[in-house]
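Novice: Here you go, sequence then predicted model.
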Amino acid sequence: MLLAGVFFAMMNVSVKFIPHIPAIEIVWFRSVFSLVFTFILLQKKKIYVFGNHKGSLVIRGLVGSISLILFFYTLQRIPLASAVTMQYLSPIFTTLLGVFIIKERVLPIQFLYFAMAFAGVLIIQGFDPRVDPVSAVMGVTSGLAAGLAYNMIRKLKTSEHPLVIVFYFPLVTLPIASVIMFFDWVTPTGWDWLMLLWIGFCTQSAQYFMTVAYQTGNLSRVSSLSYMSVLYALGFGYFLFGETFPIEAYLGMALVLVGILLNLRVKH
């Protein structure tokens, strides 16, 4: 999980290194890499690529696509650690939506932890002038869409191969990104091509290590380790982009993390 976090962090940093390339275009190139790579793996394992529950798979691909597109836009608009912190509201939304989608129980104390996490986001947005309201809404919506995507994955876990679920993500994202990109195209030059390839490689590596971690480790411990990504983002943001924050914003990030980690520790 720590390795997955490093690759996700390098992907996030790389997106910020090419701010002149529209976020939707980066999503498109990343999706092409993922689609081709996953298709080859499915063919090699002789698995039917389109799965059994196509409707649910398309919904998972659609909400995953919305989450990714919004996250890449926030990465280019606001400081790295702020964008990553807002994206990590997704476990809160996963739990809340799980009540309706997979009928999971939520204990009353968890609502206190949810409130702590959301208060943290409000503090970040309120005390850091670089985080404008539109970016904050995009970041929170990205987390909401990711929460819905994770619920769809859990719903499909007994009926679909993990690679099929992964395959539908770029399969649905590519047509959406292609339409939007048509109106906002910037031709990559020189090092841009290498950076786009690197983003694809980092994403695929992160997904692989994360999948292995969830398949072989204790769920709550593995989930907790994923929040190291916020520390990676703070470190990379400071050393590569000179990003610092008012003390209140650090407090907001801490509130988000504490609220989510306490929620993960709740025993049902």
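Specialist: Good, I have the coordinates. Numbers count the residues shown, from 1 in each chain.

Novice: Could you look up the next helix or strand downstream of the helix or strand of the chain with the lowest mean pLDDT?
Specialist: Each helix and strand of the chain was given a mean pLDDT (mean pLDDT, DSSP states H and E); the minimum falls on helix 219-225 at a mean of 61. Scanning forward in sequence from helix 219-225 by DSSP states H and E, the next helix or strand is helix 228-241.

Novice: Report the angle between the helix or strand just after that next one and helix 228-241.
Specialist: With elements assigned by DSSP H and E, the helix or strand that comes after helix 228-241 is helix 247-264. Counting by axes from the mean of the first three to the mean of the last three Cα atoms, to 10 degrees, helix 247-264 lies at 160 degrees to helix 228-241.

Novice: Helices along the protein, start to end?
Specialist: Shown for the chain, the helices assigned by DSSP state H span residues 2-17, 23-44, 54-77, 80-87, 90-101, 108-127, 133-156, 162-182, 191-216, 219-225, 228-241, 247-264.

Novice: comparing the ones you listed, which gets the lowest mean pLDDT score?
Specialist: Ranked by mean pLDDT, those bottom out at helix 219-225, which scores a mean of 61.

Novice: Pretty sure Val27 sits against Ser178.
Specialist: No. At 10.2 Å, Val27 does not count as touching Ser178 under the criterion of Cβ atoms under 8 Å. Every residue, glycine included, has its C-beta placed from N, CA and C.

Novice: out of these two, which sits in the more crowded spot?
Specialist: Neighbours per residue (other Cβ atoms under 10 Å) separate Val27 from Ser178, with Val27 holding more: 26 against 12.

Novice: For that one, give me its contacts.
Specialist: Under the criterion of Cβ atoms under 8 Å, 6 or more residues apart in numbering, the contact partners of Val27 comprise 65, 68-69, 72, 173, 177.

Novice: now, which of those residues sits nearest Leu35?
Specialist: Nearest to Leu35 among the contacts of Val27 is Thr173, at 8.5 Å by Cβ to Cβ.

Novice: For Ile69, see how far away the closest one is.
Specialist: Here the criterion is Cβ to Cβ, to the nearest Å. By it, Thr173 lies 8 Å from Ile69.

Novice: Of the two, which one has the most company?
Specialist: Shown here are Thr173 and Ile69; by other Cβ under 10 Å, Thr173 has more neighbours (24 against 21).

Novice: re earlier: point out the most buried one among the helices of the chain.
Specialist: helix 80-87 (a mean of 27; mean count of other Cβ atoms under 10 Å).

Novice: which helices and strands does that helix pack with?
Specialist: Contact analysis of helix 80-87 by 3 or more Cβ pairs under 8 Å, 6 or more residues apart in numbering; DSSP states H and E lists helix 2-17, helix 54-77, helix 108-127, helix 133-156, helix 228-241, helix 247-264 as its packing neighbours.

Novice: now those as a markdown table including distance to Gln204?
Specialist: Rendered in a markdown table, the data for these read as follows (distance: least, Cβ to Cβ, whole Å):
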| stretch | distance to Gln204 |
| --- | --- |
| helix 2-17 | 9 |
| helix 54-77 | 14 |
| helix 108-127 | 29 |
| helix 133-156 | 17 |
| helix 228-241 | 17 |
| helix 247-264 | 26 |
